[in-house]
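Student: Show me the folded form of this:
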Amino acid sequence: MSEYIHAALLLHTAEKKIDEKNLTKVLSAAGLKPDEIRVKALVASLDGVDIEEAIKTAAAVPSVAVVSPSEEVKEAPKEEKKEEEEKKEEEAIQGLGALFGA
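Tutor: Residues are numbered from 1 along each chain as shown. Next up, the predicted model:
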């Protein structure tokens, strides 16, 4: 489904209307066979959504710390890692939800 969202964002960036026809054209031009149901669902879910506002309020992607090979990295306890993964997953879902006006 991400390729559909990317196609919609591409249309938005190009200041083109995000409709079934344009979305299908972009997906086809990328070499994909668009699923008519997914195209309709995405267009319907974006109806009335301010994409610029959704992008501004979307959860920021966490930055990755770079560690040199000489630095010793301590592993966090498994519970802590699991909680961090769940938190990141929730943030990603919230960010995607903002895109669809949820």
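
Student: show me where the chain has helices.
Tutor: 2-13, 20-29, 36-46, 51-57, 78-99 (DSSP state H).

Student: In terms of mean pLDDT, which of the ones you listed ranks lowest?
Tutor: Mean pLDDT is lowest for helix 78-99 among the helices of the chain, at a mean of 64.

Student: about what we covered before: want to throw the helices of the chain into TSV with mean neighbour count?
Tutor: From N, CA and C alone the C-beta is placed, and that goes for glycine too. Putting these into TSV (neighbours: other Cβ atoms under 10 Å) gives the following:
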stretch	mean neighbour count
helix 2-13	16
helix 20-29	16
helix 36-46	15
helix 51-57	13
helix 78-99	12
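
Student: just checking, Ala7 touches Leu27?
Tutor: Yes - using Cβ atoms under 8 Å, Ala7 is in contact with Leu27, at 5.3 Å.

Student: From Glu83, how far off is Ala8?
Tutor: 33 Å (Cβ to Cβ, to the nearest Å).

Student: actually Glu20, not the one I wrote
Tutor: 41 Å.

Student: Looking at the record's assignment, how would you partition the protein?
Tutor: Domain ranges of the chain: 1-47, 50-102, per automatic domain parsing.

Student: Now the nearest residue to Ala8 once chain neighbours are set aside. Its backbone dihedrals?
Tutor: Leaving out its chain neighbours, the residue that sits closest to Ala8 by Cβ to Cβ, 6 or more residues apart in numbering is Ile18, at 5.1 Å. Per-residue torsions, Ile18: phi -90, psi 90 (degrees, to the nearest 10).
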